[in-house]
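1. Predicted model and sequence follow; I will ask about them next.
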Amino acid sequence: MEIIVNGEQREVSEGLSAAQLVEDMAITGKRIAMEVNLEIVPRSTYSEYIFKSGDKVEIVHAVGGG
Amino acid sequence: MTDTVKDSPLVIAGKTYSSRLLVGSGKYKDNEETRLATEASGAEIITVAVRRSNIGQKPDEPNLLDAVPPEKYTILPNTAGCYTADDAVRTCRLARELLDGHNLVKLEVLADEKTLYPDVIQTLKAAELLVKEDFEVMVYTTDDLTIAKELEAIGCVAVMPLAAPIGSGLGVQNPYGIKFIIEELKVPVLIDAGVGTASDAAFAMELGCDGVLMNSAIAAAQNPVLMASAMKKAIEAGREAYLAGRMPRKRYASASSPIDGTFF
């Protein structure tokens, strides 16, 4: 199935969890935050959170700003 | 500060800060320069922006929060780049998740790309939504007293009028307007944006504001770390001058040396 991660389409396997996505992206343990379809996905729930086809995922971090 | 002058500390959302200088973390050459300048500034509150992670491309990319760790600094995530209340609220929710429930945010909703002036209508709307969601909102706004009072009434924990457009370095353009806000509000009033050099920061503090938030004035200086140190002193000097109370302005001279006892 396809999901959209930070604006880019991504082919992923059915039943992919948020934890697996984060692992695939080699950002496990980094200071990030995730939103799916405008709803926050708490970090503590990544392993239970299963994506559905077409989900719009945003993964953000802190950068320099004023 | 001498012990004859008792200053009340800066308190924002119940937390006491000894520095009245707040700094941004943008525009630096690298994280090391950010770290050094932030240290030299003596600031305890540092703003950050929230942006998409560059996933997969640079997994070892250094993280800003390693240079300015939340254990050491109060991290103040901003809503820079937001032009609607909804985008600002969404950014704050992500920031709260990113910072493990930390709910102090800097709200800015912009109106126009060229001036980066605040859209006060969207700002008021966002402030209401954020306060309802238990955020502690430090809000970037114009130098308009009516709007500032309304933001305070909504429940913002600090109101932050601009000195001049973001990144312009023009210094305080409307000191009398800023003074109205300082005099009328009970929550801390901080100057946010537009300071260019140390004298601008001192001038802002001499007006009686509770603090100054700046980024470009330090980061865009030829030597950011040295400018950070200068700003620290300017903020302290301006605060002391405000507390000391300046001499009255006079149109004509008033000799400092006595007239009596002259022998010529």
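-> Received the coordinates, thanks.

2. List, one by one, the residues from chain A near chain B.
-> Residues of chain A lying close to chain B (C-beta under 8 Å from any C-beta of the partner chain) are A:5-7, A:25-27, A:30-35, A:38, A:40, A:42-43, A:58-66. The C-beta positions use only the backbone N, C-alpha and C, and glycine is treated the same way.

3. go with 10 Å
-> Neighbours of chain B within chain A, by C-beta under 10 Å from any C-beta of the partner chain: A:5-8, A:10, A:21-22, A:24-28, A:30-35, A:38-43, A:57-66.

4. where along chain A do the strands fall?
-> Ranges of strands within chain A are A:2-5, A:8-11, A:33-36, A:39-41, A:56-64, based on DSSP state E.

5. For those strands, please prepare TSV with the additional fields distance to residue B:165, mean neighbour count and mean pLDDT.
-> Shown next, in TSV, are the strands of chain A (distance: least, C-beta to C-beta, whole Å; neighbours: other C-beta atoms under 10 Å in any protein chain shown; pLDDT from 0 to 100):
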stretch	distance to residue B:165	mean neighbour count	mean pLDDT
strand A:2-5	35	17	97
strand A:8-11	34	11	96
strand A:33-36	30	21	97
strand A:39-41	33	15	97
strand A:56-64	19	21	96
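
6. Can you say which of those strands is nearest to residue B:263?
-> Taking C-beta to C-beta, strand A:56-64 is the member of the strands of chain A nearest to residue B:263, at 65.1 Å.

7. Report all helices and strands that the closest one contacts.
-> The contact analysis (3 or more C-beta pairs under 10 Å, 6 or more residues apart in numbering or on different chains; DSSP states H and E) places strand A:56-64 against strand A:2-5, helix A:18-24, strand A:33-36, strand A:39-41, strand B:45-52, helix B:64-67, helix B:85-98.

8. Highest mean neighbour count out of the ones you listed?
-> strand B:45-52 (a mean of 23; mean count of other C-beta atoms under 10 Å in any protein chain shown).

9. What strands flank that strand, and is each parallel or antiparallel?
-> Using DSSP bridges, the strands paired with strand B:45-52 are strand A:56-64 (antiparallel), strand B:21-24 (parallel), strand B:74-77 (parallel).

10. Return it as PDB; C-alpha atoms alone will do.
-> Presented in PDB, the C-alpha positions along strand B:45-52 are these (Å, rounded to 0.1, in the frame of the first residue of the first chain):
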ATOM      1  CA  ILE B  45      15.100  30.500  26.900                       C
ATOM      2  CA  ILE B  46      15.900  29.600  23.300                       C
ATOM      3  CA  THR B  47      13.500  29.400  20.400                       C
ATOM      4  CA  VAL B  48      13.400  26.700  17.900                       C
ATOM      5  CA  ALA B  49      11.400  26.000  14.700                       C
ATOM      6  CA  VAL B  50       9.600  22.800  13.900                       C
ATOM      7  CA  ARG B  51      10.200  21.400  10.500                       C
ATOM      8  CA  ARG B  52      10.000  18.100   8.500                       C
END
